[in-house]
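Student: Sequence and predicted model, in that order:
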Amino acid sequence: MNAFVFPGQGAQYPGMGKELYDSGEKARMMFEQANEILGFRITDIMFEGTGEELRQTKVTQPAIFLHSVIMAEVLGNRFNPDMVAGHSLGEFSALVAAGALEFGDGLRLVSARATAMQKACEARPSTMAAVIGLDDAVVEEICDSIDDIVVPANYNTVGQLVISGTTEAIDRAIAMMSERGARRALKLSVGGAFHSPLMEPARAELEDAIGSTSFKTPLCPVYQNVTGLPSTDPSTIRLNLVAQLTSPVRWTQTIINMVNDGGTRFTEVGPGNVLQGLIRKSAPGVETSPALSLLNT
């Protein structure tokens, strides 16, 4: 069965999307529509901007979304999913590609999400850290033992978990996890504590936007971050999208469930190849490839 997966924040790179823009009229129209919806020429930043400019949350999230969704469109009938999933922001890309959301509506939600998250980040000093080489249960135990906000945020693959919280709590957690034998525990270069209770103001803001947006039944099951389980019900999809901002991304569980449900070929649609590496660690033996390889067939 064909599984298509969509990356989240961190997959961006200078020049991203230019080859898609030049690939044909449909792609150009979608990029230009995005410029109008956003009210600024995001294409200029994507194609010619610096890495620093691309790292602004209000740019990063729409940029990755656009690359993924337009890539899926350019694939045409080679985009033939039996199941889809997206990592964090990528869930919005997956929903548009699978027909649950219109392109313009998806972009407006991603832009609103990015703006709301940026505001929440600025409200309190916070960050995230990657922890490699510890069992999930040990990471969870350490987080629970700290009398401050620090929680598991991204279950990325077996033995790799990202935690999220206040800057002080993250520092304490890193020290404790190193003592418990973590191979690596280091802060990430991010703007704040995504997928933690510190995103509550953003969750409330996004809930209003999602509530006023029309969702349809997707063409295939969408495996959602909050549960790691498939859904085709628009009401359930809505609720899980709202909860996603303050809940962990259960990517390890998502991939294992997709494999158990018959997924054998995983194609990453969007910039970068991070998800392919994570998938191979969680599900050795499955076939992984970038969407670009399909364009060349």
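Tutor: That came through fine.

Student: So which residues of the stretch 51-200 of the chain form helices?
Tutor: With helices called from DSSP state H, counting those that start in this stretch, the stretch 51-200 of the chain shows them at 51-54, 57-75, 90-97, 103-123, 136-145, 167-179, 200-211.

Student: Now do the shortest one: which elements does it pack against?
Tutor: Right, the one you point to is helix 51-54. Of the remaining helices and strands, those touching helix 51-54 by 3 or more C-beta pairs under 8 Å, 6 or more residues apart in numbering; DSSP states H and E are helix 42-48, helix 57-75. (Each C-beta comes from the backbone N, C-alpha and C, glycine too.)

Student: could these go into a markdown table alongside mean neighbour count, distance to residue 138 and mean pLDDT?
Tutor: Rendered in a markdown table, the data for those read as follows (neighbours: other C-beta atoms under 10 Å; distance: least, C-beta to C-beta, whole Å; pLDDT from 0 to 100):
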| stretch | mean neighbour count | distance to residue 138 | mean pLDDT |
| --- | --- | --- | --- |
| helix 42-48 | 19 | 40 | 97 |
| helix 57-75 | 24 | 31 | 95 |
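
Student: got TSV for the ones you listed, with distance to residue 196 too?
Tutor: Conversion of those to TSV gives the following (distance: least, C-beta to C-beta, whole Å):
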stretch	distance to residue 196
helix 42-48	27
helix 57-75	15
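
Student: Please name whichever of these is nearest to residue 205.
Tutor: helix 57-75 (13.8 Å; C-beta to C-beta).

Student: Low-confidence ranges, the stretch 151-297 of the chain, go.
Tutor: Residues of the stretch 151-297 of the chain meeting the criterion pLDDT under 70: 296-297.

Student: Could you rerun that using 90?
Tutor: In the predicted model of the stretch 151-297 of the chain, residues 189-192, 204, 272, 285, 292-297 satisfy pLDDT under 90.

Student: And the stretch 1-150 of the chain, by the same measure?
Tutor: In the stretch 1-150 of the chain (pLDDT under 90), the answer is 9-11, 51-52, 54-58, 118, 121-125.

Student: Can you tell me how far residue 42 is from residue 194?
Tutor: 21 Å (C-beta to C-beta, to the nearest Å).

Student: typo on my end, it should be residue 60
Tutor: Distance of residue 60 to residue 194, given as C-beta to C-beta: 12 Å.

Student: any shared contact partners between those two?
Tutor: residue 9 (C-beta atoms under 8 Å, 6 or more residues apart in numbering).

Student: Output stretch 174-192 as PDB - backbone C-alpha positions only.
Tutor: The C-alpha trace of stretch 174-192 is given here as PDB (Å, rounded to 0.1, in the frame of the first residue of the first chain):
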ATOM      1  CA  ILE A 174      18.900  17.900  29.800                       C
ATOM      2  CA  ALA A 175      21.200  17.600  32.800                       C
ATOM      3  CA  MET A 176      19.100  14.800  34.300                       C
ATOM      4  CA  MET A 177      18.800  12.900  31.000                       C
ATOM      5  CA  SER A 178      22.500  13.000  30.500                       C
ATOM      6  CA  GLU A 179      23.000  11.600  34.000                       C
ATOM      7  CA  ARG A 180      20.600   8.800  33.100                       C
ATOM      8  CA  GLY A 181      22.700   7.800  30.100                       C
ATOM      9  CA  ALA A 182      21.200   9.700  27.100                       C
ATOM     10  CA  ARG A 183      23.600   9.500  24.100                       C
ATOM     11  CA  ARG A 184      22.800  13.100  23.300                       C
ATOM     12  CA  ALA A 185      20.500  15.700  24.900                       C
ATOM     13  CA  LEU A 186      20.800  19.100  23.300                       C
ATOM     14  CA  LYS A 187      18.700  22.200  22.800                       C
ATOM     15  CA  LEU A 188      17.300  22.900  19.400                       C
ATOM     16  CA  SER A 189      17.400  26.200  17.500                       C
ATOM     17  CA  VAL A 190      13.600  26.900  17.700                       C
ATOM     18  CA  GLY A 191      11.600  29.900  18.700                       C
ATOM     19  CA  GLY A 192       9.600  28.300  21.600                       C
END
